[in-house]
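>>> Predicted structure and sequence below. I'll ask about it afterward.
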Amino acid sequence: MKTVRTSIITTMILAIISFAACKKGSSNKSVVPSSTAQLSFSLAATSANLASLPPDSVSSIPGLVWTAGDANIGRFAFEAKRKGVSIEIESNNLTNVDLFALTPLQTYVTLDTGVYKEIEITAFLERTDTVPPLVVTGTFKNDSAKVIPIEFILSGHATITVEEKNIDINGKTNYTAILDLQLGRLTKGITEADLDKAKVTGGKIIISKTSNTDLYWKMRWNIARCGWSEFREHERDHDN
């Protein structure tokens, strides 16, 4: 009886050691390279931290603060060269994107491994029957120190394009391309005096295709040059 009991105890100890070894091994599981990886896209507005931008692209209007915005993104397009061959891939659409969200909505494409050069990423802002391509709102303190709501409404389609030198898709890392809509660039060529003279409708400065049209077309022209990009990489999940 003692021999049987000793055998049972020994078996239990070996089982516990074996389980612990397996558990420890799983926590150190390495990422297995894949032949593909994900490149995610997002569009977000930034109205501060403009120090890294070229000086001639930044407009500073005292009293103007952008606080909210929505974009209707028809698609993202990724263009690059891989092994000397031009590649173009398009993502799914993102509708009604909150540009000021703490965690911007994302969509992605799948890329084969390799080094991608001469990269261009374009966000296509498109309207639907009920949703404009872009709406940005905020406040403006005029020369009488009165704070007035301000709203920019884009009517037609527009694109925002950014460029990157290269990324290495190695199968171990996924990438996120964050397109910053630099709102400091949106008002390039517009002065504080221009906004002071703007027409106020219903207590609000509305800049659209039918209201304050001179300001609208300046901002409309600036949209394509508002983009600034940042690439972030993160290790793939062990199971992916």
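Everything's here; your move. Numbering: from 1, shown residues only.
>>> What ranges does the protein have for its helices?
For the chain, the helices defined by DSSP state H occupy 2-27, 183-186, 192-196, 213-222.
>>> so where is the chain shaky, pLDDT-wise?
Applying pLDDT under 70 to the chain flags residues 1-34, 47-59, 235-240.
>>> ranges for the strands of it?
Assigned by DSSP state E, the strands in the chain fall at 36-46, 64-82, 85-90, 94-98, 107-112, 114-125, 134-141, 147-154, 158-169, 173-182, 200-201, 204-207, 227-235.
>>> can you put these in a markdown table and add mean neighbour count and distance to residue 191?
C-beta coordinates here come from the backbone N, C-alpha and C atoms, glycine included. Converted to a markdown table, those look like this (neighbours: other C-beta atoms under 10 Å; distance: least, C-beta to C-beta, whole Å):
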| stretch | mean neighbour count | distance to residue 191 |
| --- | --- | --- |
| strand 36-46 | 21 | 22 |
| strand 64-82 | 19 | 10 |
| strand 85-90 | 12 | 39 |
| strand 94-98 | 17 | 29 |
| strand 107-112 | 16 | 37 |
| strand 114-125 | 18 | 26 |
| strand 134-141 | 19 | 12 |
| strand 147-154 | 18 | 14 |
| strand 158-169 | 16 | 23 |
| strand 173-182 | 21 | 18 |
| strand 200-201 | 14 | 17 |
| strand 204-207 | 21 | 14 |
| strand 227-235 | 14 | 23 |
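>>> Switch those strands over to a markdown table, and while doing so, append distance to residue 194 to every line.
Formatted as a markdown table, the strands of the chain follow (distance: least, C-beta to C-beta, whole Å):
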| stretch | distance to residue 194 |
| --- | --- |
| strand 36-46 | 21 |
| strand 64-82 | 11 |
| strand 85-90 | 38 |
| strand 94-98 | 28 |
| strand 107-112 | 36 |
| strand 114-125 | 24 |
| strand 134-141 | 11 |
| strand 147-154 | 12 |
| strand 158-169 | 21 |
| strand 173-182 | 19 |
| strand 200-201 | 13 |
| strand 204-207 | 10 |
| strand 227-235 | 24 |
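>>> And those: which comes nearest residue 215?
Evaluated with C-beta to C-beta, the strands of the chain place strand 204-207 nearest to residue 215, the distance being 4.9 Å.
>>> What pairs with that closest one, parallel or antiparallel?
strand 147-154 (parallel), strand 200-201 (antiparallel) (DSSP bridges).
>>> do you know which of the strands of the chain lies nearest residue 188?
Residue 188 lies closest, by C-beta to C-beta, to one member of those: strand 173-182, at 10.0 Å.
>>> helices and strands around that closest one, which ones?
Contact here means 3 or more C-beta pairs under 8 Å, 6 or more residues apart in numbering; DSSP states H and E; on that basis strand 173-182 packs against strand 36-46, strand 114-125, strand 158-169, strand 227-235.
>>> tilt between the last one and strand 114-125?
By that I understand strand 227-235. Counting by axes from the mean of the first three to the mean of the last three C-alpha atoms, to 10 degrees, strand 227-235 lies at 130 degrees to strand 114-125.
>>> Residue 78 is in contact with residue 89, correct?
Yes: counting by C-beta atoms under 8 Å, residue 89 does reach residue 78; the two are 4.8 Å apart.
>>> Check the gap between the closest residue to residue 142 other than its chain neighbours and residue 208 for me.
For residue 142, ignoring the flanking residues on the chain, the nearest one in space by C-beta to C-beta, 6 or more residues apart in numbering is residue 196 at 5.2 Å. Noted for residue 196: a distance of 19 Å to residue 208, by C-beta to C-beta, to the nearest Å.
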